[in-house]
Structures are given as structure tokens and as C-alpha cells.
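> Build me a model from this:
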Amino acid sequence: QVQVVESGGGLVQPGGSLKLSCVVSGTIFSAHAMGWYRQGPGEERELVAHITHRHVTKYKDYVKGRFIISRDNAKNTVYLQMNDLKPEDTAVYYCNAGQLDGLGIDYVPSTYWGQGTQVTVSS
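Numbering: from 1, shown residues only. Next up, the predicted model:
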């Protein structure tokens with residue numbers, strides 16, 4: 001049984017930083033591309049960043065230069081370092097253990113989701 005567990009969320013002031021972690025078990029972690037998604041109030045869940053099994057990363061434009069996704073295959077863990085946080089970054093952040101599409105370009109989510117971790121950016 002695959003388990004995905006996120007942690008590290010919290011309340012932070014604008015301009016602050018948080019580092020999210022996601023531990024995956026029950027599957028071969030190193031074989032997965034990993035994605036971080038977020039879902040704001042009244043919004044759909046959207047992909048923020050992903051990292052391939054070869055550590056190639058891709059970001060949405062609105063987090064480029066502020067967020068860094070990384071992974072440690074020895075710990076079955078993917079991270080999301082979030083810097084210069086803005087109020088519009090407020091959301092529940094979810095981790096997903098997925099794959100790349102047939103062209104090896106875009107991230108394709110699986111059914112392996114965590115419960116999410118709340119990030120609130122407010123003064």
C-alpha cells in the first residue's frame with residue numbers, strides 16, 4: 001500500500017520561508033517523478049513544480065526563482081523549499097508520486113496523494 005505523507009506547513013509572514021517535506025512508502029520511490037501541487041480556497045488543485053527520477057526540475061512561472069524542489073532517494077523524500085512567500089501562495093500543498101508522459105516532458109499525476117499540508121502567508 002502506497003503512503004504519501006506531507007509535513008512542514010504553517011503560518012508565515014510575507015517574505016518568509018518554509019520547507020515542505022513528503023515521505024513516500026510502499027513503492028519504488030526512485031522510479032517516480034514527484035510533483036508538488038497546491039489548492040487555494042475555492043480553486044482547483046494545480047501543479048506547482050515537479051522533479052523527475054533524474055532530478056530534472058520544472059516550475060510554474062509564478063514560483064520560478066522562489067521555490068526549489070529537490071529529492072533524496074535514499075530517504076524516499078521530496079522537498080519544496082519556498083522562499084519570498086506571498087499571500088497568494090496560501091493553499092493546501094499536496095505531494096504526488098507520478099510519472100512523466102510518453103514524451104518525457106509533462107508530469108502525469110497518479111492516484112498516490114498525501115493528505116496535504118496547510119501553508120498560510122499572512123501578516
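> tell me which element Gly15 is part of?
Here Gly15, judged by DSSP states H and E, is contained in no helix and no strand.
> Phi first, then psi, for the residue nearest to it when sequence neighbours are not counted.
Sequence neighbours aside, Asp84 is the residue nearest to Gly15 in space, at 5.9 Å (criterion: Cβ to Cβ, 6 or more residues apart in numbering). For the C-beta atoms, the positions are set from N, CA and C on the backbone; glycine is no exception. Note on Asp84: backbone dihedrals following degrees, to the nearest 10 are phi 50, psi 50.
> In terms of pLDDT, where does Asp84 sit?
As predicted, Asp84 sits at a pLDDT of 98.
> Please report how far it lies from Phe29.
Using Cβ to Cβ, to the nearest Å, Asp84 is found at 29 Å from Phe29.
> out of these two, which sits in the busier spot?
Phe29 (21 against 13; other Cβ atoms under 10 Å).
> just the strands in this structure please.
Secondary structure of the chain by DSSP state E: the strands cover 3-7, 10-12, 18-25, 33-39, 46-51, 57-59, 67-72, 77-82, 91-100, 107-108, 117-121.
> export those strands to JSON lines and tack on mean neighbour count?
Converted to JSON lines, those look like this (neighbours: other Cβ atoms under 10 Å):
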{"stretch": "strand 3-7", "mean neighbour count": "17"}
{"stretch": "strand 10-12", "mean neighbour count": "14"}
{"stretch": "strand 18-25", "mean neighbour count": "18"}
{"stretch": "strand 33-39", "mean neighbour count": "23"}
{"stretch": "strand 46-51", "mean neighbour count": "20"}
{"stretch": "strand 57-59", "mean neighbour count": "16"}
{"stretch": "strand 67-72", "mean neighbour count": "18"}
{"stretch": "strand 77-82", "mean neighbour count": "22"}
{"stretch": "strand 91-100", "mean neighbour count": "22"}
{"stretch": "strand 107-108", "mean neighbour count": "16"}
{"stretch": "strand 117-121", "mean neighbour count": "18"}
